[in-house]
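A.B. asks: generate coordinates for the sequence data below:
(one chain, ligands or ions: 2)
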Amino acid sequence: MTVLEVDGLHTRFPTPRGTVDAVNEVDLRIEPGEIVGLVGESGSGKSVLAESIMGIVEEPGEIASGDIRLHGESLLDLPESKRREIRGGTISMVFQDPMNSLNPTLTVGEQIAEMVRLHQPVGESVSLPAELKRKLVGSSKNGQAWRRAIEMLESVEIPEPETRASDYPHEFSGGMRQRAMIAMALAAEPDLLIADEPTTALDVTIQAQILDELRELKDAFDTSILLITHDLAVVSEVCDRVNVMYAGEIVERADATELFSDPQHPYTQGLIASTPRLDAPMDSLEPIDGNVPDLIDIPFACHFAPRCPEATRECYEIDPNFRPVDADTDGESNDHVAACLRRGPTEERL
Ligand SMILES: Nc1ncnc2c1ncn2[C@@H]1O[C@H](COP(=O)(O)OP(=O)(O)OP(=O)(O)O)[C@@H](O)[C@H]1O
Ligand code: NI
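C.D. replies: Ligands and ions are numbered 1, 2, ... in the order given. Okay, here's the model as predicted:
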């Protein structure tokens, strides 16, 4: 069964200058055990989409319309207490800055053990009062939860996990904190892990290690992952499928290999052309001119039109719906779609 289905999601923030439409009519699907990438420049709405899924959109921001379903059940209808249970349980999230999400006054081991305790019922006795459960599972260093925390630290390759579990977050290096965050997020054995730029602050070698670990952990725990990044190299490394987001909208979606071998949307093509590659000289990079527009009352139909080398007048006036991009070659529907008037089956192009 599909793990996550997002349909027509619209998340907005009222501001003194007007309404910021951070996420606009977004659809997203994640199947079991899949790593799905969400890429796009800064300010395109990736984090707000993640926050919408988690149910932590900052007030006065709100989900104005659309639906988010987890295993077929709508999350938007649930009371806050139930959402809280899901957060960190069925869905957990690794945030961009681990220092902000780790508690500086608790040891790393205690924090992971707490996650284990919150989300793993004691045997069959699910309905035990929280206080009793706590006693049974124990927060002491002999407790099950503590032992599980050490195993989790070990699985994200923290050296000497027994000793390191008693360290405070500030005693960890940046890369180790990021791993501890991943361990914490996985401690609850979530069905879905949302990782928002989990490696951006790290150096390239450590980035690669963490991405490798994410992939291994996905296999070990059968977790689906939504990986948010503005780094296409990261996406090509680990993702099965990719969603490209621009100015609040998904503009292209494809298998990862297909996206890189046959990018269709002019924005995706621009992103790829502006990404450094090991096998090409740096001076061949072509940055996309201009910036992501202000998301208040965008006056043009295709949000990318003002930066697009191929834009015509129609692009400013007609909303580009998703079209299958190679239905004309094999006649079959497929999962590669782009929202561009100048792409898709030849007879439909403008
Ligand atoms: N609390 C808020 N109030 C008002 N506007 C907000 C708020 N949070 C986000 N936004 C706006 O929503 C838009 C999308 O922001 P978001 O953080 O989702 O971008 P992003 O794609 O995650 O960028 P980055 O790669 O820099 O993390 C931005 O224009 C941002 O200013
Ligand atoms: Ni972000």
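
A.B. asks: CA atoms for contacts and neighbours, from now on please.
C.D. replies: Will do.

A.B. asks: interface residues of the protein facing ligand 1?
C.D. replies: Residues of the chain lying close to ligand 1 by Cα under 6 Å from any ligand atom are 13, 22, 41-48, 58, 230, 295.

A.B. asks: can I take it that Ile225 is in a strand?
C.D. replies: Yes - applying DSSP: H, G, I helix; E, B strand; the rest coil, one finds Ile225 inside a strand.

A.B. asks: contacts only, for Glu34.
C.D. replies: Residues in contact with Glu34, defined by Cα atoms under 8 Å, 6 or more residues apart in numbering, are 223-225, 239-241.

A.B. asks: need the contact list for Thr199.
C.D. replies: Residues in contact with Thr199, defined by Cα under 8 Å, 6+ apart, are 96, 178, 207, 210-211.

A.B. asks: quick one, phi/psi of it?
C.D. replies: Dihedral angles of Thr199 (phi, psi; degrees, to the nearest 10) stand at phi -120, psi 0.

A.B. asks: tell me the spacing between it and ligand 1.
C.D. replies: Using Cα to the nearest ligand atom, to the nearest Å, one obtains 12 Å as the distance from Thr199 to ligand 1.

A.B. asks: let's number from 9 now, not from 1
C.D. replies: Sure thing, new numbering starts at 9, so read that last one as Thr207.

A.B. asks: and the contacts of Glu42, which are buried?
C.D. replies: 231-233, 247-249 (16 or more other Cα atoms under 10 Å).

A.B. asks: which single one of the contacts of Glu42 is nearest to ligand 1?
C.D. replies: Nearest to ligand 1 among the contacts of Glu42, counting by Cα to the nearest ligand atom, is Ile233 at 16.6 Å.

A.B. asks: contact partners for that closest one?
C.D. replies: Shown in contact with Ile233 (Cα under 8 Å, 6+ apart): 41-44, 200-203, 226.

A.B. asks: any idea of the pLDDT on it?
C.D. replies: On pLDDT, Ile233 comes in at 95.

A.B. asks: beta-bridge partners for it, please?
C.D. replies: Ile43, Leu201 (DSSP bridges).

A.B. asks: where does pLDDT dip in this structure?
C.D. replies: The chain contains residues with pLDDT under 70 at 106, 127-150, 209, 286-290, 292, 334-342.

A.B. asks: what segments of it are helices?
C.D. replies: Under the criterion DSSP state H, helices of the chain are mapped to 54-62, 88-94, 106-109, 116-127, 138-145, 152-163, 169-172, 182-195, 212-229, 240-246, 264-269, 274-281, 321-325, 335-338.

A.B. asks: sounds good, over and out.
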